[in-house]
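>>> Next one to model:
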Amino acid sequence: MQVDILVIGSGIAGMMAAIEAKELGSNVAIVTKKSPMANNSFMAKGGINAALNNMGDGDSIENHIQDTLKSGLGLAEEEAVRIFCENAPQVVRDLYRKYKVPFTTLPDGRLAQRPFGGTKYKRTCFAADATGPAIMKALNKTLKELEIQTITNHFALNLLINDGKVAGATFLDETTGELKIIQTKAIIVATGGYAGLYRGYTTNITDATGDGVAMGLRAGLEAMDLEFIQFHPTGLEGTNYLISEAARAEGGKLINSDGKEFVDELNTRDFVTRAIVKQLQRGKKVYLDLTMVDKEIINTKLINLKKRVKSLKGIDIAKEPIPINPLAHYTMGGIKTDTYGFTSIEGLFYAGEAGNNGVNGANRLGGNSLSEGAVFGKLTGYEAVKYSHRQKTFVDIPKETVEKDKELIERLRNTKIDTKRVKHEIGELLFNKVGILRNGYALKKALNKLKDLKNSLNVNDETDSNLKEKLECVNAIDISKALTKAALYREESRGAHFRLDFPEQDFSFNHHTITKLED
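Sure, this is the predicted structure:
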């Protein structure tokens, strides 16, 4: 199969890239691990940032820029931040007007906006408390209308590179179990982040295993700032359900089991998360209290939260506080790119959470993820079209890489691996030793354990799993080792990375952490 532009991943960044490329006249295909709706963009409920100033509080693009830079704690790249914040208003307007996302509106028809953490402005546009699903359904409808080829149930294996140029990619067709090759002039990797590796302690879908980051590392690319994992303060206790910041924006309060407030609910996520952890370490439980919030707000703006908590916990959020604990939610790190998604391999782009152009720095500002994915997805789609138009022919497929992938598939097919065991071991290990609070001793122990886990993949277990799950385990171990090495290197505390043995921010680490697979 040949296509001018291949998009791997169907979250907001991937869909926006594919739509942009198609609208510019390119032959484009989008490949997804499962279905187009099975991604973390669909799970994002709270809202999408754009400095529209619809609430009359004096917000501006410059304010959005400064809030994002401040949240990044010295590591956010100003060029990327400015391009992102300057483009966000028009992209959000396009989502509403062009792609018909049913955002919540004011009586005069303008988009309503709510406050999120890290700013004093009401900047976050929303569709009640189901913003992600609203956006993704509208974009998926556009994919169909534009007749963009969407290939489902294909697991991305490796990038095919020939003489420094992209030639295509290999995939496992989960339906047939066969290796598939797609030849292309340009690839946009938009496979999302790797917070799903914290199995049992994450808001992410189970498929969020960082496969695109692993592919990039194996292709020789550098990863940047892998140590920065954002833990969302308010996961529903005992589940992977994320209680959006929207609940706190509408007046919800964080209290401990003594009924006392202990933190500013709308401070940055890293600050609020550590405050919750301190309460838990003191033997207190932590709750999100919405009992004082107006019932009309709960029944309109927080209606999906009300229904979900009732079904999962049997709790009426209008009458009882909700038990919560932090969960791994978002990864600031990813494959290093320039501002527009270019990598060091010609024709290869990364967008959204899989890549890192420095827009988030050490800590993402709440509400920026969907708009970041939309903005840079659209921009990489445009850049990929320009690049592919300059390429008169396809690059030859490197046969040796294809043969290695065939050998890997056969080896894993003939090796019994209890992937449930491996994934839960990785999740426990990462949460306990590479989690919210870290130290050098624990990080070294984690690295040794990960090495043992990798060796154990060559020993037959009693229980077997499907081939896709086995390939995910290979990726999970590679990324986990890389992010642990990055956390061990950064001997300071900054943003989402907190070292108990180095609890202060250190100016000498005012630079990005660069990691390669062989490091």
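
>>> Looking at this structure, which strand is longest?
strand 178-189 (DSSP state E).

>>> and it, which strands flank it?
Within its sheet, strand 178-189 is paired with strand 2-8 (parallel), strand 165-173 (antiparallel), strand 348-350 (parallel), according to DSSP bridges.

>>> buried sites along it?
Leu179, Lys180, Ile181, Ile182, Gln183, Thr184, Lys185, Ala186, Ile187, Ile188, Val189 (16 or more other Cβ atoms under 10 Å). C-beta here means a position set from N, CA and C on the backbone, and glycine is covered the same way.

>>> Mind listing the residues bridging to the fourth one?
In this case it means Ile182. Here Ile182, judged by DSSP bridges, has bridge partners Ala169.

>>> you'd agree it is up against Val3?
Yes: assessed by Cβ atoms under 8 Å, Ile182 is found in contact with Val3 at 6.5 Å.

>>> wait, isn't Val263 in contact with Ile276?
Yes: assessed by Cβ under 8 Å, Val263 is found in contact with Ile276 at 7.4 Å.

>>> any residues in contact with both of the two?
Common neighbours of Val263 and Ile276, counting by Cβ atoms under 8 Å, 6 or more residues apart in numbering, are Leu254.

>>> sorry, back to before: same list (the buried residues of strand 178-189) but as CSV, adding pLDDT and distance to Lys137.
CSV is the format used below for those (pLDDT from 0 to 100; distance: Cβ to Cβ, whole Å):
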residue, pLDDT, distance to Lys137
Leu179, 97, 32
Lys180, 97, 28
Ile181, 98, 32
Ile182, 98, 26
Gln183, 98, 31
Thr184, 98, 27
Lys185, 98, 30
Ala186, 98, 27
Ile187, 98, 26
Ile188, 98, 22
Val189, 98, 23
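
>>> out of those residues, who's nearest Gly14?
Ile188 (7.1 Å; Cβ to Cβ).

>>> Tell me who's in contact with that closest one.
Per Cβ under 8 Å, 6+ apart, neighbours of Ile188: 5-8, 14, 17-18, 341, 349-351, 377, 380-381, 384.

>>> Run through the strands of the stretch 201-350 of the chain in chain order.
Secondary structure of the stretch 201-350 of the chain (DSSP state E, counting those that start in this stretch): strands at 223-224, 229-236, 253-256, 286-289, 322-331, 334-336, 348-350.

>>> ranking these by burial, who's on top?
strand 348-350 (a mean of 29; mean count of other Cβ atoms under 10 Å).

>>> Figure out how far that strand is from the centre of its chain.
Put simply, strand 348-350 sits 16 Å off its chain's centre (Cα atoms, centre = their mean, to the nearest Å).

>>> circling back to that earlier point, any idea which of the strands of the stretch 201-350 of the chain gets closest to Phe509?
Phe509 lies closest to strand 223-224 among these, at 13.8 Å (Cβ to Cβ).

>>> quick one: contacts of the closest one?
Contacts of strand 223-224 (Cβ under 8 Å, 6+ apart): 213, 216-217, 333-336, 356, 358, 482, 486, 512-516.

>>> domain parsing for this protein?
1-228+332-397, 237-326, 399-500 (automatic domain parsing).

>>> distance between the ends of the longest one?
So the one you mean is domain 1-228+332-397. 12 Å (Cα to Cα, to the nearest Å).

>>> can you pull the contacts of Ile65?
Glu78, Val81, Arg82, Cys85.

>>> how about the helix or strand harbouring the last one: buried residues?
Going back to what we said before, that points to Cys85. Secondary structure from DSSP states H and E places Cys85 in helix 78-97. Of the residues in helix 78-97, those buried under the neighbour-count criterion (16+ other Cβ under 10 Å) are 80-85, 87-89, 91-92, 95-96.

>>> Can you tell me the SS state at Met15?
Assigned with DSSP: H, G, I helix; E, B strand; the rest coil, Met15 falls in the helix class.

>>> Quick check: it touching Lys144?
No: contact criterion Cβ under 8 Å: Met15 and Lys144 do not qualify, at 11.3 Å.

>>> higher neighbour count, those two?
With neighbours defined as other Cβ atoms under 10 Å, Met15 and Lys144 compare such that Met15 has more, 33 against 10.

>>> avg pLDDT for stretch 373-386?
Stretch 373-386 carries an average pLDDT of 98.

>>> Buried residues, it. List them.
Applying 16+ other Cβ under 10 Å to stretch 373-386 flags 373-385 as buried.

>>> again, but for stretch 357-365
For stretch 357-365, using 16+ other Cβ under 10 Å, the buried residues are Asn357, Gly358, Val359, Asn360, Gly361, Ala362, Asn363, Arg364, Leu365.

>>> one step back: from the buried residues of helix 78-97, pick the one nearest Lys451.
Of the buried residues of helix 78-97, the one sitting nearest to Lys451 (Cβ to Cβ) turns out to be Ala80, at 34.6 Å.

>>> Once you drop chain neighbours, what's closest to that closest one?
Excluding its sequence neighbours, the residue lying closest to Ala80 (Cβ to Cβ, 6 or more residues apart in numbering) is Val359, at 4.2 Å.

>>> which residues touch that neighbour?
Thr68, Gly72, Ala76, Glu77, Ala80, Val81, Phe84, Asn368, Glu372, Phe376.
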